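A.B. asks: take a look and give me a structure for this.
(chains A and B)
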Protein chains: 2
Amino acid sequence: MTNRDPFLAIDWGTTNRRIFRISGEGMIDHSVSDERGVLALAPSDFAGEVADIRRRLGDLPIICAGMVGSTRGWVELPYLDCPVRIADLAEGLHWVDEGRTAIVPGVRWMDDARADVMRGEEVQFLGAVQGGLAPADALLCQPGTHCKWATMVDGAIARFSTAMTGEVFSMLQKHSLLAAQMDASARVDDDFLLGVRHGQGGDLLARLFGARADRVSGLDKISSTASYVSGLLIGSDVGSALPDASVRVHLLAGASLGALYGAAIEALGSNYTLIDSEDAFVKGIHSIWSEAQ
Amino acid sequence: MTNRDPFLAIDWGTTNRRIFRISGEGMIDHSVSDERGVLALAPSDFAGEVADIRRRLGDLPIICAGMVGSTRGWVELPYLDCPVRIADLAEGLHWVDEGRTAIVPGVRWMDDARADVMRGEEVQFLGAVQGGLAPADALLCQPGTHCKWATMVDGAIARFSTAMTGEVFSMLQKHSLLAAQMDASARVDDDFLLGVRHGQGGDLLARLFGARADRVSGLDKISSTASYVSGLLIGSDVGSALPDASVRVHLLAGASLGALYGAAIEALGSNYTLIDSEDAFVKGIHSIWSEAQ
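C.D. replies: A predicted model of the protein is given here:
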């Protein structure tokens, strides 16, 4: 088996998974997404899932990344400590059956005071740099339920931090007194940009109530509560993650979150480059696969 | 009828209500709490509720305050704009039936950019000052689901702001990825005080994920996630509401929230005085009743 052989890659997250058949040259032959994330599966289900994927997509080697390597997944793997490169991930692969099925380890950043962890995003971050989508020294951001900010130094993940931005937005939209007002999707509009500005004050809890009071009081400065609250949270996230306005952010995101984060970054005086996160994942996993041969 | 006559007062909130029989001199003869807050009732239920309360506690005049005067309550009353004094609340009483049953209006603070509202807390704030529990010029704080900070100037509510502190804590405890870790009550311990310090950085969303990463990474600096998260939120709330450390906070709270807020206020270099909020309510509602005669 050489790195010219095709293989299957699975980005196996908490609630979703994406499966790719990748050519030896690193191109996507075929891809499919479904909702069989690790929370939908028991540890004993994974061997059968993988066999089923081989029946559907070809009897090929498989490399999995993401929450599949967590305590909720197939096998719990230890984290690799920063700095971490592609070669470290390749060397740290856990082979469920030798040469056939492997899981990529997660990454940890830790000092005496603070720790952070990721499982899955490391493939995208390193893939973006490896594939030339981002420079070897750069600030990368992957928004989502848990938004990851990674500082790449000389092509390695040097350090990173995670914010609960997406999860808090979703909780507010489902469970808070703002729920009834947050009946639309967030988008880049005046309310979003007002939220971004208000998100810089460090008084997030008061600003959240302000979104309610604005409506109840009759002030009505805010037309779309969803946009405003999204702006507050993303503004707070970007404002505390950006070291200063001269730093360009390389944003691994789809169109919707990419537009929101991009607008917040620009509102705070910085610039961004949008990177396709699927592209980054495939470049990263292909590099790991090549390195592991 | 003079202000020497006894009356009934109801602090009628969203989920709970407290009913007091108050002597003409302003002493509590009898009090009872239940969960028949406005969300448990339809608008057409209130007349029957009040008749039932009179059957149980005496055929006396009734003054209600709180969410009973909101869009979800018995009658929706307009807000009085700051500055507001006891005399304004007495004059603004809405008589459901003349001389028998009245509702206290809520209070609004508004300028071109920001608005805030309260229904119920105004009675406690003004009662604390009227009853000599707090000075006529003071910063008052009433923690809870929605924590209210009121600046009293010359005995009036001059301005105020509200933070969603308690509601966000409760959502995190019930619905977030931290839920399983937040299985204890928050208390004043090293984790709480660490949270208060971390709550000053403006990176609340990252610090929340940090509580998860601390556990998963094996760093284990935080023993009680509930205490730490409570410290983060209360620390953020107090830090943004305190104008500077020379200002004493007059805290209208029970023992549990009083201890948490008091510890956060002291950790940030300020001082506080704990005030019994039931005492403040009774003093406030008795003053309104006396003024309305």
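A.B. asks: residue nearest the middle of chain A, spatially speaking?
C.D. replies: The centre of chain A sits closest to A:Gln142, judged by CA atoms, centre = their mean, with a distance of 4.3 Å.
A.B. asks: any stretches of the stretch 51-200 of chain A with poor pLDDT?
C.D. replies: By pLDDT under 70, the stretch 51-200 of chain A contains no weakly predicted segment.
A.B. asks: what about the helices in it?
C.D. replies: A:86-91, A:121-130, A:165-175, A:190-198 (DSSP state H, counting those that start in this stretch).
A.B. asks: and the first one, what other elements does it pack with?
C.D. replies: With contacts defined as 3 or more CB pairs under 8 Å, 6 or more residues apart in numbering or on different chains; DSSP states H and E, the secondary structure elements packing on helix A:86-91 are helix A:121-130, helix A:277-292. Quick note: C-beta positions are derived from backbone N, CA and C, even for glycine.
A.B. asks: again, but for the third one
C.D. replies: The criterion is 3+ CB pairs under 8 Å, 6+ apart, and the helices and strands that helix A:165-175 contacts are helix A:225-241, helix B:165-175, helix B:204-216.
A.B. asks: give the buried residues for the second one.
C.D. replies: Of the residues in helix B:165-175, those buried by neighbour count under the rule 16 or more other CB atoms under 10 Å in any protein chain shown are B:165-169, B:171-173.
A.B. asks: and the angle from it to helix B:204-216?
C.D. replies: 40 degrees (axes from the mean of the first three to the mean of the last three CA atoms, to 10 degrees).
A.B. asks: again, but for the first one
C.D. replies: Orientation of helix A:225-241 against helix B:204-216 (the same axes, to 10 degrees) gives an angle of 70 degrees.
A.B. asks: show the contacting residues for A:Pro105.
C.D. replies: A:69, A:77-80, A:89, A:92-94 (CB atoms under 8 Å, 6 or more residues apart in numbering or on different chains).
A.B. asks: correction: the previous question concerned A:Leu133.
C.D. replies: A:127, A:250, A:275-276, A:279-280, A:283.
A.B. asks: equivalent analysis for A:Ser170, please.
C.D. replies: Per CB under 8 Å, 6+ apart, neighbours of A:Ser170: A:Thr145.
A.B. asks: gap between it and A:Val229?
C.D. replies: 11 Å (CB to CB, to the nearest Å).
A.B. asks: the residue nearest to the centre of chain A reaches A:Glu121, doesn't it?
C.D. replies: Yes. Between A:Gln142 and A:Glu121 there is a contact at 5.2 Å, judged by CB atoms under 8 Å.
A.B. asks: what's the neighbour count on A:Asp112?
C.D. replies: Neighbour count of A:Asp112, defined by other CB atoms under 10 Å in any protein chain shown: 7.
A.B. asks: likewise A:Met110?
C.D. replies: Neighbours around A:Met110, by other CB under 10 Å: 18.
A.B. asks: again, but for the one 4 residues further on
C.D. replies: Around A:Arg114 sit 18 other residues, with neighbours defined as other CB under 10 Å.
A.B. asks: what does A:Gly99 give?
C.D. replies: For A:Gly99, using other CB under 10 Å, the count is 10.
A.B. asks: now it: phi and psi?
C.D. replies: Dihedral pair for A:Gly99: phi 80, psi 0, per degrees, to the nearest 10.
A.B. asks: surely it touches A:Ile62?
C.D. replies: No. Contact criterion CB under 8 Å: A:Gly99 and A:Ile62 do not qualify, at 10.8 Å.
A.B. asks: spit out the contact partners of the closest residue to chain B within the stretch 1-150 of chain A.
C.D. replies: Per CB to the nearest CB, A:Ala115 is where the stretch 1-150 of chain A lies closest to chain B, at 3.7 Å. Counting by CB under 8 Å, 6+ apart, A:Ala115 touches A:108-109, B:210, B:213-214, B:217-219.
A.B. asks: these two touch, right, A:Leu194 and A:Lys221?
C.D. replies: Yes. With contact defined as CB under 8 Å, A:Leu194 counts as touching A:Lys221 (7.5 Å).
A.B. asks: the more surrounded of those two?
C.D. replies: Using other CB under 10 Å as the criterion, A:Leu194 and A:Lys221 rank with A:Leu194 on top: 20 against 17.
A.B. asks: list the contacts of the more buried one.
C.D. replies: By CB under 8 Å, 6+ apart, A:Leu194 lies in contact with A:221-222, A:228, A:231.
A.B. asks: can you tell me how far it is from A:Asp34?
C.D. replies: 38 Å.
A.B. asks: likewise A:Thr71?
C.D. replies: Distance from A:Thr71 to A:Asp34, by CB to CB: 22 Å.
A.B. asks: what do you get for A:Ala267?
C.D. replies: 36 Å.
A.B. asks: go ahead and confirm A:Val84 touches A:Ile157.
C.D. replies: Yes. Contact criterion CB under 8 Å: A:Val84 and A:Ile157 qualify, at 4.8 Å.
A.B. asks: overlap of the contact sets of those two?
C.D. replies: A:107, A:122, A:126.
A.B. asks: wait, the last one sits on A:Ala158?
C.D. replies: Looking back up the chat, that one is A:Leu126. No. With contact defined as CB under 8 Å, A:Leu126 does not count as touching A:Ala158 (11.7 Å).
A.B. asks: quick one: which of the two has more around it?
C.D. replies: Neighbour comparison, A:Leu126 and A:Ala158: the larger count goes to A:Leu126, with 30 against 15 (by other CB under 10 Å).
A.B. asks: ok, that one - contacts?
C.D. replies: By CB under 8 Å, 6+ apart, A:Leu126 lies in contact with A:84-86, A:89, A:155-157, A:284, A:287.
A.B. asks: of those residues, closest to A:Ser44?
C.D. replies: A:Leu89 (26.3 Å; CB to CB).
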